[in-house]
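turn this into a model:
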Amino acid sequence: STDTGRPPALLRSTLASGDPRRLAARVSLSPGDGAFSWDAAVGRVSDGVSSETRSVGVIVRVTEPYARASREGNPPLMKGAFVKVTLAAALVEGAILVPRSAVRNGRVMIAGPDDRLTFADVTQIFALDTIAVLSPGGLPMDARIVTSAPSPAIEGLLLSPQPDTMAEARLKAAAKGSSK
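Prediction:
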């Protein structure tokens with residue numbers, strides 16, 4: 001298993017919608033004063049999450065782990081060695097970040113131009129902590145997302161939308177890769 005730098009939920013949800021081989025992997029070994037790395041491919045992800053470390057097992061394959069051993073004094077990559085694995089996924093152009101709580105059963109509530117409640121079907125790519133990432137096309141970029149569900153939530157209900165500046169700040173920070 002490896003530290004993905006993020007909770008296992010991100011990795012699991014990233015892989016849930018597709019082939020794990022879409023992830024790029026790099027294996028790094030740092031014996032003594034040197035640092036060596038190999039390109040790798042994600043083979044599979046373990047079924048469980050460790051209750052102690054909140055990590056998930058990721059099995060990666062290095063095509064020729066011994067090939068570089070003879071050049072420049074590089075060590076071979078031995079099975080079971082303690083290594084660092086870095087995973088990366090492709091950027092989804094046009095992805096939309098919304099508060100995770102705004103996505104309910106594959107739908108998002110929106111305040112329409114006339115301040116009336118409407119619903120939009122969305123496709124969630126993944127969720128992490130309080131943020132959900134939606135695939136492009138489900139929402140207009142200027143959509144006003146309803147984050148506090150009215151009761152009852154009936155299409156056409158007249159709303160009195162108020163901006164949530166704290167939620168906006170959290171989303172902007174998440175988009176920049178910051179946790180603030």
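
longest strand anywhere in this protein?
The residue-count maximum for a strand in the chain (DSSP state E) belongs to strand 36-49.

okay, the angle between whatever helix or strand comes next after that strand and strand 36-49?
Using DSSP states H and E, the helix or strand that follows strand 36-49 in sequence is strand 56-61. In terms of direction (axes from the mean of the first three to the mean of the last three CA atoms, to 10 degrees), strand 56-61 departs from strand 36-49 by 140 degrees.

and strand 56-61, which strands flank it?
strand 36-49 (antiparallel) (DSSP bridges).

quick revisit: pull out the buried positions in the longest strand of the chain.
By neighbour count with 16 or more other CB atoms under 10 Å, strand 36-49 contains the buried residues Phe36, Ser37, Trp38, Ala40, Val42, Val45, Val49. In this view, the C-beta of every residue, glycine as well, is placed from N, C-alpha and C.

next, count neighbours for the residue lying closest to the second one once chain neighbours are set aside.
Counting by CB to CB, 6 or more residues apart in numbering, Ser37 lies nearest to Ser28, which is 4.4 Å off, once chain neighbours are set aside. As a burial measure, the neighbour count of Ser28 was computed by other CB atoms under 10 Å and equals 13.
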